[in-house]
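[1] return atomic coordinates for the entry below.
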Amino acid sequence: MTRRTRARAARGASHVGERHVVEVGAVAHGGHCVARLADESGGGRVVFVRHALPGERVEVEVTEGTDGDTFWRADAVAVLSASPDRVQAPCPVAGPGLCGGCDFQHVALTRQRALKAEVVAEQLRRLAGLSVDVTVEAVPGDVDGLRWRTRTRLAHLPDGRTAMRKHRSHDLVPVDDCLIALPSSSSPSESVSAAGRSHTFQVTGDGFWQVHPGAPRVLVETVLAMLRPEPGERVLDLYAGVGLFSAFLADAVGAGRVVAVEGHPGAARDAASNLPCGVRVLQGDVARVLASTLDEPFDLVVLDPPREGARKAVVDRVVDRSPRAVAYVACDPAALARDVATFAAHGYRLDELRAFDLFPMTHHVECVALLTRS
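    Below you'll find the predicted structure:
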């Protein structure tokens, strides 16, 4: 029996296992598309469908859903009318009821990026009231969307075989070769060349590092191009990790000031080792650090928060420092849109947005946003 990661009390009779034919609607945030049941038993209920594409007619099997739920979840188990963007998944364990690591292996790569762009634009429109044209850019370092993930967490079956988990489940699926994984060295250091400079970063334990090999360079160069740091400026790098942005920002501002704040103790220790002695590294929760110290103006701020975003307390305290510009690096478009709306309430506008396909074959997308005072 599948054990769901989000167990909750049943709200009426279960419909798991039922099959329905649906017309697939728009893509939604999370790696699925929206459909609506049209038959009598469904009553027009919204269903989030995986393994489908907008415009397709498919047969779905309900994977989560009771009478009392506002929406159900389902897998497309048979394609009755296929999209021209549908392709054969390169991985034999990508599909309904199989490995949950990828969302879009059944989608042509260019269409994957277009779908992600639609999601980013929709989140900004719905949560921030902004109409933004979004293009998701390819990043050097993968091969047709495969062999890019430098860090992969594999589970193990009792017989020793490697495995991955099913979508929203603890059940395991044997995986001999994860096609998005890139074999990497065991070296605890990473070297990055960007903007005419090179730095080597120590990354120990479970310290955060971008998993796409092309990500560090493209993100550093994008942040620097957006902020245009000048010698002597004061920079605040929040959720600084092991110091990727701080190192290159310190080069740019020279005799200026760079302060890096990181919550993870191990990453903060790595940052202290990686960064020049002139960069101040503070370890602690970003909101609490900003509430208790650094009560002074900064010219520039870099925000690279976890998936839940920076949230209002941090945005409010960033604005208190009166930066001329903020570069926001976001791995979740909904969190980005919510925080952009909070910045807008303080008079900061979204001036520029770039989106990068750092996670091909999945629904994830990385954005860098430039916010400046109106």
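
[2] can you give me the helices for the stretch 101-250 of the chain?
    Remark: helices assigned in the stretch 101-250 of the chain by DSSP state H, counting those that start in this stretch are 109-128, 215-227, 244-253.

[3] out of those, flag the one nearest P174.
    Closest approach to P174 among the helices of the stretch 101-250 of the chain (Cβ to Cβ): helix 109-128, 25.6 Å. Glycine gets a C-beta too; all of them are placed from N, C-alpha and C.

[4] for the closest one, packing partners?
    On a contact count with 3 or more Cβ pairs under 8 Å, 6 or more residues apart in numbering; DSSP states H and E, helix 109-128 meets strand 19-28, strand 136-137, helix 333-345, strand 348-356.

[5] what average pLDDT does it get?
    The pLDDT scores in helix 109-128 average 98.

[6] tilt between that helix and strand 348-356?
    With axes from the mean of the first three to the mean of the last three Cα atoms, to 10 degrees defining the directions, helix 109-128 sits at 160 degrees from strand 348-356.

[7] format the CA atom coordinates belonging to helix 109-128 as CSV.
    Below are the C-alpha coordinates for helix 109-128, written out as CSV (Å, rounded to 0.1, in the frame of the first residue of the first chain):
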residue,chain,number,x,y,z
LEU,A,109,12.6,20.1,-24.2
THR,A,110,11.6,23.4,-25.9
ARG,A,111,8.0,22.9,-24.8
GLN,A,112,9.1,22.1,-21.2
ARG,A,113,10.7,25.5,-21.1
ALA,A,114,7.7,27.2,-22.5
LEU,A,115,5.5,25.5,-19.9
LYS,A,116,7.8,26.7,-17.1
ALA,A,117,7.6,30.3,-18.6
GLU,A,118,3.8,30.1,-18.5
VAL,A,119,3.9,29.1,-14.8
VAL,A,120,6.3,31.9,-13.9
ALA,A,121,4.2,34.5,-15.8
GLU,A,122,0.9,33.2,-14.3
GLN,A,123,2.3,33.3,-10.7
LEU,A,124,3.5,36.9,-11.2
ARG,A,125,0.1,37.9,-12.7
ARG,A,126,-2.0,36.2,-10.0
LEU,A,127,0.1,36.9,-6.9
ALA,A,128,1.8,40.2,-7.8
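
[8] any stretches of the stretch 251-374 of the chain with poor pLDDT?
    Counting by pLDDT under 70, the stretch 251-374 of the chain shows no low-confidence range.

[9] reformat the helices of the stretch 101-250 of the chain as CSV; add distance to G65.
    CSV is the format used below for the helices of the stretch 101-250 of the chain (distance: least, Cβ to Cβ, whole Å):
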stretch, distance to G65
helix 109-128, 23
helix 215-227, 37
helix 244-253, 42
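
[10] need the winner for burial among those.
    Ranked by mean neighbour count under mean count of other Cβ atoms under 10 Å, those are led by helix 244-253, which reaches a mean of 24.

[11] hang on, the earlier thing: and the helices of the stretch 101-250 of the chain: which comes nearest E352?
    Using Cβ to Cβ, the nearest of the helices of the stretch 101-250 of the chain to E352 is helix 215-227, at 5.9 Å.

[12] can you list contacts of that closest one?
    139-141, 190, 192-195, 209-210, 244-245, 248-249, 252, 300, 302, 325, 327, 329, 352, 354, 356, 358, 366, 368, 370 (Cβ atoms under 8 Å, 6 or more residues apart in numbering).

[13] could you do stretch 112-127 as well?
    By Cβ under 8 Å, 6+ apart, stretch 112-127 touches 26-29, 54, 104, 107, 130-138, 145, 333-334, 336-338, 340-341, 350, 353, 355, 357, 360-361, 363, 365, 367.

[14] ok, which of the helices and strands packed on helix 109-128 comes nearest A313?
    Nearest to A313 among the helices and strands packed on helix 109-128 is helix 333-345 (9.8 Å), distances taken as Cβ to Cβ.

[15] tell me the angle of that closest one relative to strand 348-356?
    Interaxial angle, helix 333-345 versus strand 348-356 (the same axes, to 10 degrees): 160 degrees.

[16] quick one: helix 333-345 to chain centroid distance?
    From the chain centre to the centre of helix 333-345 is a distance of 15 Å (Cα atoms, centre = their mean, to the nearest Å).

[17] can I get it in PDB? Just the C-alpha atoms.
    C-alpha atoms of helix 333-345 as PDB (Å, rounded to 0.1, in the frame of the first residue of the first chain):
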ATOM      1  CA  PRO A 333       7.900  31.200  -8.800                       C
ATOM      2  CA  ALA A 334       5.000  31.500  -6.300                       C
ATOM      3  CA  ALA A 335       7.300  32.500  -3.500                       C
ATOM      4  CA  LEU A 336       9.000  35.000  -5.800                       C
ATOM      5  CA  ALA A 337       5.700  36.500  -6.800                       C
ATOM      6  CA  ARG A 338       4.500  36.900  -3.200                       C
ATOM      7  CA  ASP A 339       7.800  38.600  -2.200                       C
ATOM      8  CA  VAL A 340       7.700  40.900  -5.300                       C
ATOM      9  CA  ALA A 341       4.300  42.000  -4.200                       C
ATOM     10  CA  THR A 342       5.600  42.800  -0.700                       C
ATOM     11  CA  PHE A 343       8.500  44.800  -2.200                       C
ATOM     12  CA  ALA A 344       6.000  46.700  -4.400                       C
ATOM     13  CA  ALA A 345       4.100  47.700  -1.300                       C
END
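
[18] what helices or strands is it leaning on?
    helix 109-128, helix 311-320, strand 325-330, strand 348-356, strand 366-373.

[19] in JSON lines, list these along with distance to V46.
    Below are these laid out as JSON lines (distance: least, Cβ to Cβ, whole Å):
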{"stretch": "helix 109-128", "distance to V46": "16"}
{"stretch": "helix 311-320", "distance to V46": "28"}
{"stretch": "strand 325-330", "distance to V46": "26"}
{"stretch": "strand 348-356", "distance to V46": "26"}
{"stretch": "strand 366-373", "distance to V46": "26"}
